[in-house]
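*Asks:* need a structure here:
(2 chains)
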Amino acid sequence: MTPPLFKLARALAATLLSVLLTIIGLLFVTFLIGRVMPVDPVLAIVGERASQEMYEAAYRSLGLDQPLYVQFWIFLKSVAAGDFGMSTLTARPVAEDVLRVFPATLELATLATIIGVCFGVPMGVISAVHEGRWPDHLVRLFGLFGYSMPVFWIGLMGLLVFYGILGWVGGPGRLDIYYEDIIPPVTGMILIDSLIAGDMTIFWNAVSHIILPASILGYYSLAYISRMTRSFMLEQLSQEYITTARVKGLSERAVIWRHALGNVMIPLITVVALSYATLLEGSVLTEVIFAWPGIGQYITNALLSADLNAVLGGTVVVGLVFILLNLLSDLLYKIVDPRAR
Amino acid sequence: MRFQRSLLAAALSTALALPMTLPFTQAEAATPPNMLVIANRIDDIVSLDPHELFEFAGTDYANNVYDTLVVFDPADLSSGYQPGLAESWSVSEDGKTFTFKMRSGISFHSGNPVTAKDAEYSLRRVVALEKTPSFILTQFGFNKENMAETIRATDDGTLVITTDKKYAPSFVLNCFTAAVASIVDSKTVQEHEKDGDWGNEWLRTNSAGSGAYKLINWKPNESYSLQAAGNYWRGDVAMQRVIVRHIAESSAQRLLLEKGDIDVARNLSPEDVAGLSSDENVKVEDTLRGRIMYFSMNQKDPVLSKPKVVEALKYLVDYKGMEGSFLKGQYTVHQAFLPLTYMGELKDQPYSFDVDKAKALLAEAGEGDGFEVELIVRNAQERVEISQSLQNTFAQAGITATITQGTGKQTLGKYRSRDFQIYVGLWGPDYPDPHTNADTFANNPDNSDEAQLTGKLAWRNAWDIPEMTKRTDAAVQETDAKVRAQMYVDIQKDFQKVAPFAPMFQQVQQNAMRANVNGFNPGAAITAVFYWPVTK
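*Replies:* Numbers count the residues shown, from 1 in each chain, chains lettered A, B, ... in the order given. The predicted structure follows:
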């Protein structure tokens, strides 16, 4: 094995190991929470009217008579097999439920992040370049508004104005209700599924429904991203290499967009990944207002009705998404920043 | 610098112009003419098995996918139970054996014919599964041990039911209209049985009925879709598809309705209903529901047990004031324990807000100087508001009331252990027969503490009523339905005079719908919604 290849393999192994350890840690904490919560998992399965024999049989079949580490092992094995047990709330396997609700959140969060990045980064740059002047104030005010408005208010107002009065966008829900259940679910993301099915009517209908909640969530991430971009840019713009570049007679465009922004990209990746991950947890209020059947609503409902399996399943999935995004931003780091390779 | 300025301008103008350039700018939408789209809160549905579900949204579903032996006619709910899958029945002389003749020529959605064997299987299934609503049938003495003899199909067209003692036939038949008495397709369900679960796991998410609609899709907490099954024996079905979508927010339901994206909104707040009054494309129909709001006085209390005090407090309620203000559109004044639309309903409202009369009664009772009393109430908004109104009106006659709020568990705990003075609460009937409320409000066979009849409201209030108990027991055995209905009217009239209960309001539900929706019947207090008679 040649040394560079060996180095790469070692780096890969180290990354995989750290991911694996993080996942086991996540599962262990989730498992402990499940044991600490004052909900009887046996009662949830057999019902309150079950006889003592039925109760004990279910108690044993769940492995609850075993020591804790054995129970954790059973939990690990079933999670590895994709089995989170049955949800008492929906009477379906939790894994199936999560697969149904997560794509809705994924679709929304992805579009929101794209909007946040496309508008947030240029706005942050402009703000930094014009520090202290009106474009800066305008962008900061716009961001501040995004930070401080309660999401349910913006959501309701947005619905009222753009759907209720102007009729530019679709109403609550992922589609007009009478379009529901027409295209076969493949990915669970309606935008993609309708393209696969070649049904443009449904595609545009889905776009009309997602654009408003995605813009509102995108506005929040825009506020955060533009603020962070601004401060990263300010830091870069005061560096000596920028002065050097200007002295060398480079155009202002090249100085700002290539030199300064190029260096800002690295910390920005983390910011974007974090904001994306937060959106992927599901924004409960937005989901309620827009009747968006995503994972945020699912976990909240499960929590309120003490549906332990669903809470644990949802938590594990959200945790995995965090880990995955961290991994992804690490990889991007290495691509963008030669020093990190 | 010019570049950045132009970039800024470009970004802003894109943001502003984006919605205008999208190709879906739409005028007022409308749902397809043969489809009914409903917004409702359906997150209470945990199972679609008709022998398990017991929540409002669930019984709505069952009422349209399954049939029962005995049914209510949506065109005339007040005429009471009518022949359903059973075209006729007879009752033996001892009043214990019911023989149902099945209607012929009806099929399940699978194509299997509906026979007495299916009815036998279905009713035995209820008994064997022992799910929450099973008591509605097992109160007639059916259990796992005797069901082979007590519920039996003697041939494909005849079902024979034997109860443990004599009951009023109207009582038994009313209970057979409940969703829990739905007849399921035994062949299909048996094909999906697993470990002796009577197909419960499968039927929780699938359908096997003979109703107007079959289930085509069910997404928990999200929506269910129904498709007309074709050739429905009860009439033409105009709406070929029904989608019920979970929309939690009242304001979102209202917007969807205003825009014509849904046909019916079922959970509008009074504010949103008021906001719709000027929209001529929308109409609002009130329907009565079964819940009764009341307050009751513990008869263990030396002051509250004085009949004149009990009577006085009933005059110290601002019935109309509450109905016209914070309860507007949610409750209507009603002073009897049976909800209106129930057999034996009583519309009399002998009490009105009358401070002078109350003062005179208190003086007669020797309590003219007033007294102190504690109201316990669950921390639900309208109940707390009612308690505050009572506190205010009681004070006008010199009665100082303190309000103690608690969670449902806390207040119910005190109520059930008879450890309270005045309880402000809500009672909903369990099944569509007057016995469901008469048995709890006006029946108390043993008033001793040891009896622990905690399920009965009369016992919880320590109301000792041997005579009235006999009358409610007699009513539940009366064979003549008309006579029986009159017995409940008479019981309620006496109840109004002497009971330490003051029923105040009956719940109202406001369903808002597009003006072109006709025949939408939510089922009033006794049954659930019917989708099949709807036209647009």
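
*Asks:* near chain B, which residues of the stretch 51-200 of chain A show up?
*Replies:* Within the stretch 51-200 of chain A, the residues that sit near chain B (Cβ under 8 Å from any Cβ of the partner chain) are A:88-92, A:97, A:100, A:119, A:122-123, A:126, A:129-130, A:135, A:156, A:159-160, A:162-164, A:166-173, A:176-178, A:180-181. (C-beta placed from N, C-alpha, C; glycine too.)

*Asks:* Pull out the buried members of the residues you listed.
*Replies:* Among these, those classed as buried by 16 or more other Cβ atoms under 10 Å in any protein chain shown are A:88-92, A:97, A:100, A:119, A:122-123, A:126, A:129-130, A:135, A:156, A:159, A:162-164, A:167-173, A:176-178, A:180-181.

*Asks:* List the buried residues in stretch B:295-313.
*Replies:* B:295-301, B:303-306, B:308-313.

*Asks:* I should have written stretch B:463-475 there, sorry.
*Replies:* For stretch B:463-475, a neighbour-count test (16+ other Cβ under 10 Å) marks B:463, B:465, B:468, B:469, B:471, B:472, B:475 as buried.

*Asks:* With the flanking residues excluded, which residue is spatially nearest to the fourth one?
*Replies:* What sits nearest to residue B:469 in space, not counting adjacent residues and going by Cβ to Cβ, 6 or more residues apart in numbering or on different chains, is residue B:443, at 5.1 Å.

*Asks:* re the thing from before, in helices, which of the buried residues of stretch B:295-313 appear?
*Replies:* B:308, B:309, B:310, B:311, B:312, B:313 (DSSP state H).

*Asks:* pLDDT added to those residues, as JSON lines?
*Replies:* Formatted as JSON lines, those follow (pLDDT from 0 to 100):
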{"residue": "B:308", "pLDDT": "96"}
{"residue": "B:309", "pLDDT": "96"}
{"residue": "B:310", "pLDDT": "96"}
{"residue": "B:311", "pLDDT": "96"}
{"residue": "B:312", "pLDDT": "96"}
{"residue": "B:313", "pLDDT": "96"}
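
*Asks:* wait, residue A:308 sits on residue A:33?
*Replies:* No. Here residue A:308 does not reach residue A:33: they are 9.4 Å apart, not a contact under Cβ atoms under 8 Å.

*Asks:* ok, those two, which is more surrounded?
*Replies:* Higher neighbour count among residue A:308 and residue A:33: residue A:308, with 22 against 13, using other Cβ atoms under 10 Å in any protein chain shown.

*Asks:* Relative to residue A:281, how far out is residue B:342?
*Replies:* 48 Å (Cβ to Cβ, to the nearest Å).

*Asks:* Between these two, tell me which one has more neighbours.
*Replies:* When neighbours are counted by other Cβ under 10 Å, residue B:342 and residue A:281 differ, and residue B:342 comes out ahead with 27 against 20.

*Asks:* what's the spacing between the residue of the stretch 51-200 of chain B found nearest chain A and residue A:91?
*Replies:* Nearest residue of the stretch 51-200 of chain B to chain A, counting by Cβ to the nearest Cβ: residue B:130, 6.2 Å away. Using Cβ to Cβ, one gets 17 Å for the distance from residue B:130 to residue A:91.

*Asks:* Wait, residue A:224 touches residue A:278, no?
*Replies:* No. Assessed by Cβ under 8 Å, residue A:224 is found out of contact with residue A:278, at 9.0 Å.

*Asks:* Pick out whichever of the two has more residues nearby.
*Replies:* The residue with more neighbours, out of residue A:224 and residue A:278, is residue A:224; 21 against 17, by other Cβ under 10 Å.
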